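Chemist: sequence first, predicted model second:
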Amino acid sequence: MNALRGQMGLWKLHLAVIIIGAIAELIGIRKIPLGIGAILLLPLLYAFIMAALMNPNVMPKFGKFIGEKEVKAASPLIVIAIMPFIAKFGTTIGPAIETIIEAGPALLLQELGNLGTIVLAFPLAVWGLKMGREAIGATFSIAREPNLAIIADRYTLKSPEGAGVMGVYVIGTLFGTFIFAILASLFASIDVFDPRALAMACGIGSGSMMAACTGALTEVVPGMKDEILALAGASNLLTYATGLYAGLFIALPIVEKLYNATAGKRDLAAADNKGA
């Protein structure tokens, strides 16, 4: 009862969600031609932008309507809002189980992409941005919830590694959905990759990113909607299952060794210079 009263007290938050949702749906899907491809702008993207602008930390003038209390209350509600969407994926996986089995090796092998952040992001973080041990938390994974748990257990979130993983998590939450929707629609429209491969790429362990990615794909290839949803859902489940262990037993040890062998020497040299 107290929890219900607390939610009712956040009427400004609920009203803002209703208004933003209605405006986003009224705008509808917009297609922007771009060379040989096209970018699809979905209602989810408009809602994201409007909600981000209403954050008092972004635009203080909205602080009179949406305060810190509403911002803190909105964060855990994201998981609840996505639950019906995830449940829908569960209903599409069953009927398409034969398609998923046929793509079995591809689904498993594409999970090696969990290690891609080491190849792409680690050099940039250490040598380009001159990051310290924050680079370990920021680059060993795509920094979703399971990866936060790994860093929190190993280092705590108050450590430099914790700051790194939290920074990527926040940026991914803010901009990942937008970027994923654009990339999915662009790659699907230029007809270079098989839509099934793009569907599997949608499942990176983030419900909101997967929703944006599959939404864009199904708009470009409506005839494969059920297959896209099934493969993306299966890929997302596998990412949660295998990605956790890949991050814990493979990616994190590799990043730690790479950091100690490269930037660690730099840190020791800097510490010696300070002491001198």
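Modeler: Thanks, I have it. All of these numbers come straight from a predicted model, not from anything done at the bench.

Chemist: C-alpha from now on. contacts and neighbour counts both.
Modeler: Will do.

Chemist: check contacts around the nearest residue to Pro160 once chain neighbours are set aside.
Modeler: In space, Pro160 comes closest to Glu134 once its chain neighbours are excluded; the distance is 4.8 Å by C-alpha to C-alpha, 6 or more residues apart in numbering. By C-alpha atoms under 8 Å, 6 or more residues apart in numbering, Glu134 lies in contact with 160-165.

Chemist: how about Ser141?
Modeler: 114-115, 117-118, 147, 247, 251.

Chemist: for Ala251, same thing?
Modeler: 115, 118, 140-141.

Chemist: and the residue nearest to Phe180 when sequence neighbours are not counted, its phi and psi?
Modeler: Leaving aside its sequence neighbours, Phe180 sits nearest to Cys213 (C-alpha to C-alpha, 6+ apart; 5.5 Å). For Cys213, the backbone dihedrals (degrees, to the nearest 10) come out as phi -70, psi -50.

Chemist: now for Cys213: which residues touch it?
Modeler: 177, 180-181, 183-185, 199, 202.

Chemist: and the least confident of those residues?
Modeler: Lowest pLDDT among these: Thr177, with 74.

Chemist: only alpha carbons, please: show the host helix or strand of that residue as CSV.
Modeler: Assigned by DSSP states H and E, Thr177 belongs to helix 177-189. Coordinates of each C-alpha in helix 177-189 appear next as CSV, following Å, rounded to 0.1, in the frame of the first residue of the first chain:
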residue,chain,number,x,y,z
THR,A,177,19.2,2.9,-28.2
PHE,A,178,19.4,5.8,-30.6
ILE,A,179,22.6,4.5,-32.3
PHE,A,180,21.4,0.9,-32.5
ALA,A,181,18.2,1.9,-34.3
ILE,A,182,20.0,4.0,-36.8
LEU,A,183,22.7,1.3,-37.5
ALA,A,184,20.1,-1.4,-37.9
SER,A,185,18.0,0.5,-40.4
LEU,A,186,21.0,1.6,-42.3
PHE,A,187,22.6,-1.8,-42.6
ALA,A,188,19.3,-3.5,-43.4
SER,A,189,18.5,-1.0,-46.2
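
Chemist: after it comes which helix or strand?
Modeler: Helix 177-189 is succeeded, C-terminally, by helix 195-202 (DSSP H and E).

Chemist: need the contacts of Glu134 in JSON lines with secondary structure, distance to Ile228 and pLDDT, can you?
Modeler: Shown next, in JSON lines, are the contacts of Glu134 (DSSP: H, G, I helix; E, B strand; the rest coil; distance: C-alpha to C-alpha, whole Å; pLDDT from 0 to 100):
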{"residue": "Pro160", "secondary structure": "helix", "distance to Ile228": "39", "pLDDT": "91"}
{"residue": "Glu161", "secondary structure": "helix", "distance to Ile228": "36", "pLDDT": "92"}
{"residue": "Gly162", "secondary structure": "helix", "distance to Ile228": "35", "pLDDT": "88"}
{"residue": "Ala163", "secondary structure": "helix", "distance to Ile228": "35", "pLDDT": "88"}
{"residue": "Gly164", "secondary structure": "helix", "distance to Ile228": "33", "pLDDT": "91"}
{"residue": "Val165", "secondary structure": "helix", "distance to Ile228": "30", "pLDDT": "88"}
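
Chemist: if you rank these by neighbours, which is first?
Modeler: Val165 (29 neighbours; other C-alpha atoms under 10 Å).

Chemist: verify the stated contact: that residue with Leu148.
Modeler: Yes - contact between Val165 and Leu148 holds when scored by C-alpha atoms under 8 Å: they sit 6.5 Å apart.

Chemist: ok, back up a step: distance to Ala232 added to the contacts of Glu134, as CSV?
Modeler: Shown next, in CSV, are the contacts of Glu134 (distance: C-alpha to C-alpha, whole Å):
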residue, distance to Ala232
Pro160, 33
Glu161, 30
Gly162, 29
Ala163, 30
Gly164, 28
Val165, 25
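
Chemist: in those residues, find the pair that's most separated.
Modeler: Farthest pair in the contacts of Glu134 (C-alpha to C-alpha) is Pro160 and Val165. Separation: 8.8 Å.

Chemist: what's the overlap in contacts for the two?
Modeler: Common neighbours of Pro160 and Val165 (C-alpha under 8 Å, 6+ apart) are 134, 137.

Chemist: which one of the contacts of Glu134 is nearest Lys257?
Modeler: Glu161 (14.1 Å).
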